[in-house]
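>>> My questions concern the predicted model and sequence given below.
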Amino acid sequence: MVSENADLPQNQDGSMTVKRGLAQMLKGGVIMDVVTAEHARIAEEAGAVAVMALERVPADIRAHGGVARMSDPGLIREIMKAVSIPVMAKCRIGHFVEAQILEAIGVDYIDESEVLTPADEANHIYKHNFKVPFVCGCRNLGEALRRIGEGAAMIRTKGEAGTGDVVEAVRHARSVLGEIRKLQVMGEDELMSFAKQIGAPYELVMETRALGKLPVVNFAAGGLATPADAALMMQLGMDGVFVGSGIFKSSIPEKRAKAIVEATTHFNDPDILARVSENLGEPMVGIEVSSLTENQQISTRGW
Amino acid sequence: MNIGVLALQGAFIEHIAILTKLGVKTIQVRLPKHLERLDGLIIPGGESTTIGKLAYFSGLMEPLKNFALNKPVWGVCAGMIFMAKNIGSDQPTLNLMDIVVERNAFGRQIDSFVSDIHVSVFSNGCKNPFKAVFIRAPRLIEIKGDARIIAMLPNGEPVAVREGIWMATSFHPELTADNRFHEFFLETVLITSKK
């Protein structure tokens, strides 16, 4: 991700370079879900690169049920006041007014997230209209490129949030990265048909093929709970990790948070991974993804 | 010539890509042993609190300070904060450059911007401005001692400094296709290694 930024279509001041650029600065880091200012301080102290301000972590959204919406702006402001690192917040898929509110508060990134209850069953937000950058979830290359086409400046795997089971994050990462590898060995005459098949904008398919990776930063998310999970996603080729319920649903959040930060940096060093994984207490309990029925799965939300 | 890029967190791949294109051998620095045989070091942009903590956890603080005593170091954005003597808060820094820096002083992400800047140390720096990308950028509040301003915004605000063999920029040359800052740093490394 170097010189290609210079040629990006730039809108007046919310230029794509600075939107994508912030995600580039977060690479190799851990973004942590927090529900209070106190959590946010713990996350910053442990070395998080950013926090995601929420009312409930995904495990609780899953347990409590009901409609999950954007958090109270007052809570988000409190968290922004508590830490010096970037603060992200979630809006519902397609709910552009929640996004306008989050932009008005001044959050640093908006996650148009399947973890909340979708507000539009056909369309995502047209994100080019905003000055604040967006991150969106994906399960495969087509979904990633549709979101980038709508203006997402950062992509993450969906995984299966709130389960503590990393299997879906692995599936989605392998799917995106595998399809990019496939794309690179295809003949030119196969590309239009491939774009049609995965439902992706042709120009972005061409760009991804030339770069050998997505045109934006690509993080892992959804079900990561241990330092080893984080290092696994990094070794698979992801640019960084989100950890949601995995930290504050574990028995010693401070220690686990710091361990996951170190594991994300030293992801290729098994001796350091062994040291930081010691004596972390109980991880979050977790739910095996294969035990969920289809309508209990969050990752199928989004179009 | 071997150039290290501190690879604890942040945009280190971008620097490595540019240096590789310029024909320079690079090494990702995560542990003290990676500093051996380096001729210069870039501290990339990222989150300065994270980079500081990881440097501390990884036993890199003293080795980095010792390295900087006689080797060129360039700090970008978070790297500028990490090199400063005074940042007004107690996060870990290398305490090298005689500058006062304020974190996030240009505002939050929605205040991030791109601007042409004039660079005094480029031979064509006045005629040919550098397009600089500022992301949640730190501000240079005071430049003291032997530190010298080398680049300014159109309004005269300083955004890059040099102090002997050290350099710091509050913006991100690795996010543009203009390699002049990287070439300038490599010249400093070359001159220093011949001494």
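Arrived safely. Fair warning: this is a prediction, and the values are worked out from it, not measured in the lab. Numbers count the residues shown, from 1 in each chain, chains lettered A, B, ... in the order given.
>>> Read off the pLDDT value for the residue nearest to residue B:28 when sequence neighbours are not counted.
Leaving aside its sequence neighbours, residue B:28 sits nearest to residue B:7 (CB to CB, 6 or more residues apart in numbering or on different chains; 3.7 Å). (Each C-beta comes from the backbone N, C-alpha and C, glycine too.) Residue B:7 carries a pLDDT value of 98.
>>> what do you get for residue A:66?
pLDDT at residue A:66 comes out at 89.
>>> do residue A:7 as well
45.
>>> And for the one 3 residues further on?
Reading off the confidence values, residue A:10 has pLDDT 46.
>>> Likewise for residue A:83?
pLDDT, residue A:83: 97.
>>> residues in contact with it?
A:37, A:40-41, A:43-44, A:51 (CB atoms under 8 Å, 6 or more residues apart in numbering or on different chains).
>>> From those, list the buried ones, please.
A:37, A:40, A:43-44, A:51 (16 or more other CB atoms under 10 Å in any protein chain shown).
>>> and which of those residues is nearest residue B:195?
Among the buried ones among the contacts of residue A:83, residue A:44 lies closest to residue B:195 (CB to CB), at 41.2 Å.
>>> Three-state assignment for the residue with the largest distance to the centre of chain B, please.
Distance from the C-alpha centroid of chain B, by CA atoms, centre = their mean, peaks at residue B:127 (23.9 Å). Of the three states, residue B:127 takes coil according to DSSP: H, G, I helix; E, B strand; the rest coil.
>>> The residue nearest to residue B:28 contacts residue B:29, doesn't it?
Yes. Look at residue B:7 against residue B:29 with CB atoms under 8 Å: they come within range, at 5.8 Å.
>>> Residue A:269 and chain B: what is the separation?
8 Å (CB to the nearest CB, to the nearest Å).
>>> burial of that residue, as a residue count?
The number of residues packed near residue A:269 is 16, by other CB atoms under 10 Å in any protein chain shown.
>>> residue boundaries of the strands in chain B?
Taking DSSP state E, the strands of chain B run over residues B:2-6, B:25-29, B:40-43, B:73-76, B:84-86, B:97-102, B:113-119, B:130-134, B:139-143, B:148-152, B:158-163, B:166-169.
>>> Over to the stretch 101-250 of chain A?
With strands called from DSSP state E, counting those that start in this stretch, the stretch 101-250 of chain A shows them at A:109-113, A:134-138, A:154-157, A:217-219, A:241-243.
>>> in the stretch 51-200 of chain A, what spans have low per-residue confidence?
For the stretch 51-200 of chain A, no stretch is flagged by pLDDT under 70.
>>> Which residues of it lie near chain B?
Contact residues (CB under 8 Å from any CB of the partner chain) of the stretch 51-200 of chain A with chain B: A:84-86, A:103, A:106, A:108-109, A:131-133.
>>> Contacts for the longest helix along chain B, please.
Identified as the longest helix of chain B according to DSSP state H is helix B:180-194. Applying CB under 8 Å, 6+ apart, the contact partners of helix B:180-194 are B:1, B:3, B:15, B:18-19, B:22, B:24, B:39-40, B:42, B:70-72, B:74, B:119, B:121-122, B:130, B:165, B:167, B:169, B:173-174.
>>> Can you tell me which of those are also in contact with chain A?
B:18, B:174.
>>> farthest residue from the center of chain A?
residue A:189 (33.1 Å).
>>> any idea how far chain B is from it?
According to CB to the nearest CB, residue A:189 and chain B sit 30 Å apart.
>>> Give me the pLDDT for residue B:113.
pLDDT, residue B:113: 95.
>>> With adjacent residues omitted, what lies nearest to it?
Residue B:113 sits nearest to residue B:134 (CB to CB, 6+ apart), 5.3 Å away.
>>> And residue A:202, by the same measure?
Residue A:202's closest residue in space is residue A:195 (CB to CB, 6+ apart), at 4.5 Å.
>>> so what's residue 157 up against?
Went with chain A since none was named. Going by CB under 8 Å, 6+ apart, residue A:157 touches A:137-139, A:168-169, A:172-173, A:176, A:218-222, A:238.
>>> hm, I was asking about chain B
Applying CB under 8 Å, 6+ apart, the residues contacting residue B:157 are B:139-140.
>>> give me that answer again for 6 Å
If you count contacts by CB atoms under 6 Å, 6 or more residues apart in numbering or on different chains, residue B:157 has none.
>>> returning to what we had before: pipe the contacts of residue A:157 into TSV and attach neighbour count per row.
Shown next, in TSV, are the contacts of residue A:157 (neighbours: other CB atoms under 10 Å in any protein chain shown):
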residue	neighbour count
A:137	29
A:138	26
A:139	21
A:168	24
A:169	31
A:172	26
A:173	26
A:176	26
A:218	24
A:219	24
A:220	28
A:221	32
A:222	32
A:238	25
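>>> Kindly provide the whole-number mean pLDDT of whichever helix or strand residue A:272 is part of.
Using DSSP states H and E, residue A:272 falls within helix A:270-276. Averaged over helix A:270-276, pLDDT sits at 98.
>>> per-residue pLDDT, residue B:81?
Here the pLDDT value assigned to residue B:81 is 97.
>>> Also residue A:15?
88.
>>> How many neighbouring residues does it have?
19.
>>> Can you name the residues that contact the residue in the stretch 201-303 of chain A positioned nearest to chain B?
Nearest residue of the stretch 201-303 of chain A to chain B, counting by CB to the nearest CB: residue A:265, 5.3 Å away. Taking CB under 6 Å, 6+ apart, we find residue A:265 in contact with B:8, B:54.
>>> Same question for residue A:137.
So residue A:137 contacts A:114, A:156, A:158 (CB under 6 Å, 6+ apart).
>>> Please apply the same query to residue B:164.
By CB under 6 Å, 6+ apart, the contact list for residue B:164 is empty.
>>> likewise residue A:59?
Residue A:59 neighbours (CB under 6 Å, 6+ apart): A:162, A:245, A:249.
>>> could I get the helix or strand containing it in PDB with only the CA atoms?
For residue A:59, the element it lies in under DSSP H and E is helix A:58-64. Taking C-alpha atoms only, helix A:58-64 is exported to PDB below (Å, rounded to 0.1, in the frame of the first residue of the first chain):
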ATOM      1  CA  PRO A  58     -21.300  -9.100  21.200                       C
ATOM      2  CA  ALA A  59     -21.500 -12.000  23.700                       C
ATOM      3  CA  ASP A  60     -24.100 -10.000  25.700                       C
ATOM      4  CA  ILE A  61     -26.000  -8.900  22.600                       C
ATOM      5  CA  ARG A  62     -26.200 -12.600  21.700                       C
ATOM      6  CA  ALA A  63     -27.300 -13.500  25.200                       C
ATOM      7  CA  HIS A  64     -29.900 -10.700  25.800                       C
END
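>>> and that helix, how far from the chain's centre?
18 Å (CA atoms, centre = their mean, to the nearest Å).
>>> Helix or strand next in line after it, which one?
Remark: after helix A:58-64, the chain's next helix or strand is helix A:73-82, criterion DSSP H and E.
>>> got the contact list for that following helix?
A:37, A:40-41, A:53, A:87, A:89, A:105.
>>> Let me see the contact set for the residue nearest the centre of chain B.
Nearest to the mean C-alpha position of chain B, by CA atoms, centre = their mean, lies residue B:75 at 1.7 Å. Contact partners of residue B:75, counting by CB under 6 Å, 6+ apart, are B:43, B:82-83, B:168.
>>> where does chain B dip in pLDDT?
B:125-126.
>>> what about 90?
By pLDDT under 90, the low-scoring segments of chain B are B:89-91, B:123-127, B:194-195.
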